[in-house]
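In: Output the structure for:
(2 chains)
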Amino acid sequence: DAEITQSPRHKITETGRQVTLACHQTWNHNNMFWYRQDLGHGLRLIHYSYGVQDTNKGEVSDGYSVSRSNTEDLPLTLESAASSQTSVYFCASSEGADRTNEQFFGPGTRLTVL
Amino acid sequence: GNSVTQMEGPVTLSEEAFLTINCTYTATGYPSLFWYVQYPGEGLQLLLKATKADDKGSNKGFEATYRKETTSFHLEKGSVQVSDSAVYFCALARGSSGDKLTFGTGTRLAVRP
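Out: Predicted coordinates:
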């Protein structure tokens, strides 16, 4: 069965370190998204990609970067981790450019920045 | 810009009670509307959707009707079960390209036996 996986599931790091969260999907979807989930905010979009070599900033992109070198993967990098980036991170994917399409979510990565 | 407003939680109900979770939205044009559910320790999964005015989405006994005149998409279920305990997110998608979602803050539902 097709799926979307994230690793690690839990990560503790220190302020100032670079951290990379992995996202891998086997749906062969063109679109991939990164969200962060915080109490009182729901999910907020960090970055997204509509295909290989395409990346775009979301509403809370400062301090984050992504790259899309193949269809399956969209790693999220925190260049210099800050305590404000402590959150749960979700990756999602969807097919095509239709606004009615369902997004499929990974299980999430809980990141703690000390 | 686009926004989604959900009722504050948590909502605590007894098994077999009627559920309503309110959701209103602000968006230009005709967005698609979604309800996603997040069970403990898991990612979000689509519960139901509606893509045009007066459409009714339904799944697993849950329903929601796209009301353009009141810009609402309230989630209802006639008889909740303990297994429905989860966080429910209302969301909209609007855009000429792609399907970026704007989420509400989520409503936690706890169902007591």
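
In: And the strands in chain B, which stretches?
Out: B:3-6, B:11-14, B:19-21, B:23-26, B:32-38, B:44-50, B:56-59, B:62-65, B:75-77, B:86-93, B:101-103, B:107-112 (DSSP state E).

In: Apart from its chain neighbours, what residue comes closest to the residue of chain B found nearest chain A?
Out: Here chain B gets closest to chain A at one residue, B:G43, 3.6 Å apart by Cβ to the nearest Cβ. Glycine gets a C-beta too; all of them are placed from N, C-alpha and C. Nearest residue to B:G43 in three dimensions, chain neighbours excluded: A:F105, at 3.6 Å (Cβ to Cβ, 6 or more residues apart in numbering or on different chains).

In: same deal with A:N56?
Out: In space, A:N56 is closest to A:Y48, 5.2 Å off (Cβ to Cβ, 6+ apart).

In: Kindly report the residues of chain B close to chain A.
Out: Within chain B, the positions adjacent to chain A are B:4, B:31-32, B:34, B:36, B:41-46, B:49, B:51, B:89, B:93-95, B:97-101, B:103-106 by Cβ under 8 Å from any Cβ of the partner chain.

In: When you filter the residues you listed down to buried only, what's left?
Out: Using 16 or more other Cβ atoms under 10 Å in any protein chain shown as the burial test, the residues of chain B next to chain A include B:4, B:31-32, B:34, B:36, B:43-44, B:46, B:49, B:51, B:89, B:93-94, B:98-101, B:103-106 as buried.

In: about what we covered before: could you report the distance from the residue of chain B closest to chain A to A:S84?
Out: B:G43 is 23 Å from A:S84, where distance means Cβ to Cβ, to the nearest Å.

In: Ok, B:Y66 next?
Out: 36 Å.

In: Check B:D54 too.
Out: Distance of B:D54 to A:S84, given as Cβ to Cβ: 42 Å.

In: Residue numbers of chain A in contact with chain B?
Out: So chain A meets chain B at A:31, A:33, A:35, A:40-45, A:48, A:50, A:58, A:90, A:92, A:94, A:97-108 (Cβ under 8 Å from any Cβ).
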